[in-house]
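Peer 1: predicted coordinates and the sequence they were generated for:
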Amino acid sequence: MTTILIFPFLSISTGHHHVADSLHAELSLQAHQCEKIDIFSHAYKKLEKVSSTAYLKWIQYFPKAYSSVYHLLACGKHQAKKRHIMYELIFLKNMKQIIAEKQPDIAFCTHALPSYLLNQLKDQFPNLIVVNVYTDYFVNRIWGREHTDYHFAPIKDIKDQLIAEGVDKEKIFLTGIPIDRSYKTASELVRKKEKGNILVTGGSMGVGGMFKLVRELSPQGNMTYQILCGKNRKLYQYVKSLHHPDIKALPYIESKSEMNRLYGQASGIITKPGGVTISECIEKKLPVFIYHALPGQEEMNLSLLKKKGLVIELNKGKKQPIEQQLLAFFNSKEGIRRHHMHVSQYLQETSDRNISKILDEIIHNSKKAGNANA
């Protein structure tokens with residue numbers, strides 16, 4: 001039996017964890033021994049909770065400062081010999097202990113930090129197959145490259161970037177961002193209504209300028225808005241207190257099939273440019289309107305997604321109400337046609353290989369390597 005570890009980072013329910021969960025579900029279907037480990041919680045459980053809370057506060061209340069630090073530490077050209085000594089001092093010993101104890105055949109990394117650490121340790125564990133699974137439309141320079149065996153690229157631009165940085169193109173699979181297989185099944189399509197039905201979300205934590213966005217909706221009778229409040233109880237209570245017939249609050253939804261149903265009923269979605277949410281919406285061919293981007297990865301995501309015509313950025317403020325902007329899109333046959341064209345092109349680019357078959361191939365290669373070294 002193949003032993004597999006999946007490494008997200010932090011305990012916050014972010015895209016790193018959603019992708020890790022999707023991989024875990026796929027691998028479990030094939031009856032492989034699979035475990036998801038957050039190295040921060042594993043090494044420093046109490047400190048991790050404090051750090052996760054501080055991270056959320058930082059991006060909410062000091063977004064410019066976070067953006068500046070992110071660009072300083074993570075953006076820029078990848079340098080093969082660049083060392084991140086602080087990360088190594090804090091986490092490298094613990095990562096080495098995990099690998100030595102668990103003795104995995106394959107490690108999937110859905111965050112840059114575990115990827116970097118395993119890249120540093122690969123000489124000590126030469127039989128370990130390491131796979132980078134990128135969860136955004138931007139790859140920062142911390143991700144390990146040189147000793148990584150495979151890369152799951154979210155978009156052709158990233159594949160081209162990795163090749164330019166010296167990664168063997170045979171090691172790169174153009175998979176898109178892996179999402180739960182529930183979203184690849186037919187959903188309840190009931191979009192042809194007198195009123196448009198718009199989902200509004202700030203992610204599972206309900207962050208991303210959501211209160212301000214709800215205040216700016218000002219429904220005029222043309223749209224209904226379902227606010228996905230995630231785990232933000234204050235937001236849920238606020239939306240409920242509005243008692244507006246066209247604005248409905250929805251609590252955190254854990255069920256993938258229920259989310260798939262909501263996607264199927266929606267005319268479009270207002271969201272932030274998180275990699276997983278965008279990928280789910282693209283899979284459902286749902287028009288995506290961006291109101292706010294969190295600093296760091298989401299800023300970078302937005303830049304590329306706009307360039308590719310995969311999202312529409314809303315204009316903030318009172319110059320043009322949000323509902324008018326939405327109606328302008330839905331009343332434009334040319335705008336809708338262009339959007340469908342861009343989405344179809346993206347789906348075609350990332351549908352060459354079924355992800356379950358790719359996983360089968362990687363596991364098969366792992367077994368061959370193990371037999372050769374037996």
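Peer 2: Looks like it arrived, so ask away. Residues are numbered from 1 along each chain as shown.

Peer 1: tell me who's in contact with residue 222.
Peer 2: 195-196, 323, 327 (C-beta atoms under 8 Å, 6 or more residues apart in numbering). (C-beta placed from N, C-alpha, C; glycine too.)

Peer 1: phi, psi for residue 131 please.
Peer 2: The phi/psi pair for residue 131 (degrees, to the nearest 10) reads phi -120, psi 120.

Peer 1: do the same with residue 171
Peer 2: With angles defined as degrees, to the nearest 10, residue 171 sits at phi -90, psi 0.

Peer 1: let me know the pLDDT of it.
Peer 2: We have a pLDDT of 94 for residue 171.

Peer 1: thought it was touching residue 147?
Peer 2: No. Using C-beta atoms under 8 Å as the test, residue 171 is too far from residue 147 to be in contact (11.1 Å).

Peer 1: list just the nearest of the contacts of residue 222 to residue 266.
Peer 2: Checking the contacts of residue 222 against residue 266 by C-beta to C-beta gives residue 196 as the nearest, at 8.7 Å.

Peer 1: domains of this structure?
Peer 2: For the chain, automatic domain parsing gives the domain ranges 3-176+351-372, 183-349.

Peer 1: quick one: average pLDDT of the helix or strand where residue 40 lies?
Peer 2: Assessed by DSSP states H and E, residue 40 sits inside helix 39-43. Helix 39-43 shows a mean pLDDT of 80.

Peer 1: which strands or helices does it pack on?
Peer 2: Packing partners of helix 39-43 (3 or more C-beta pairs under 8 Å, 6 or more residues apart in numbering; DSSP states H and E): helix 45-61, helix 93-102, helix 112-121.

Peer 1: mind listing what's buried along it?
Peer 2: Of all the residues in helix 39-43, those buried under the rule 16 or more other C-beta atoms under 10 Å are 39-41, 43.

Peer 1: looking at those, spot the one nearest residue 363.
Peer 2: Among these, residue 39 lies closest to residue 363 (C-beta to C-beta), at 22.9 Å.

Peer 1: isn't the closest one up against residue 95?
Peer 2: Yes. With contact defined as C-beta under 8 Å, residue 39 reaches residue 95; the gap is 5.8 Å.

Peer 1: if we can go back for a sec, in CSV: the buried residues of helix 39-43, plus distance to residue 159.
Peer 2: Shown next, in CSV, are the buried residues of helix 39-43 (distance: C-beta to C-beta, whole Å):
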residue, distance to residue 159
39, 27
40, 29
41, 32
43, 33
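
Peer 1: on that earlier part again, ok, and the most crowded of the contacts of residue 222?
Peer 2: Counting neighbours by other C-beta atoms under 10 Å, residue 323 leads the contacts of residue 222 with 20 neighbours.

Peer 1: OK, contacts around that one?
Peer 2: Each residue near residue 323 by C-beta under 8 Å, 6+ apart is listed here: 217-220, 222-223.

Peer 1: hmm, try it at 10 Å
Peer 2: Applying C-beta atoms under 10 Å, 6 or more residues apart in numbering, we find residue 323 in contact with 196, 198, 216-223, 225, 246.

Peer 1: ok, it to residue 289 distance?
Peer 2: 11 Å (C-beta to C-beta, to the nearest Å).

Peer 1: which neighbours do the two share?
Peer 2: Counting by C-beta under 10 Å, 6+ apart, the residues touching both residue 323 and residue 289 are residue 198.

Peer 1: quick check: closest non-adjacent residue to residue 256.
Peer 2: residue 182 (3.8 Å; C-beta to C-beta, 6 or more residues apart in numbering).

Peer 1: next secondary structure after the helix or strand residue 336 falls within?
Peer 2: Residue 336 belongs to helix 333-349 when assigned by DSSP H and E. The first helix or strand that comes after helix 333-349 along the chain, using DSSP H and E, is helix 355-372.

Peer 1: give the buried residues for that next one.
Peer 2: Per 16+ other C-beta under 10 Å, helix 355-372 contains these buried residues: 355, 358-359, 362-363, 366, 369.

Peer 1: next one: stretch 174-185
Peer 2: Neighbour-count burial for stretch 174-185, counted by 16+ other C-beta under 10 Å, picks out 174-180, 182-183.

Peer 1: residue 327 belongs to a strand?
Peer 2: No. Residue 327 is assigned helix when assessed by DSSP: H, G, I helix; E, B strand; the rest coil, not a strand.
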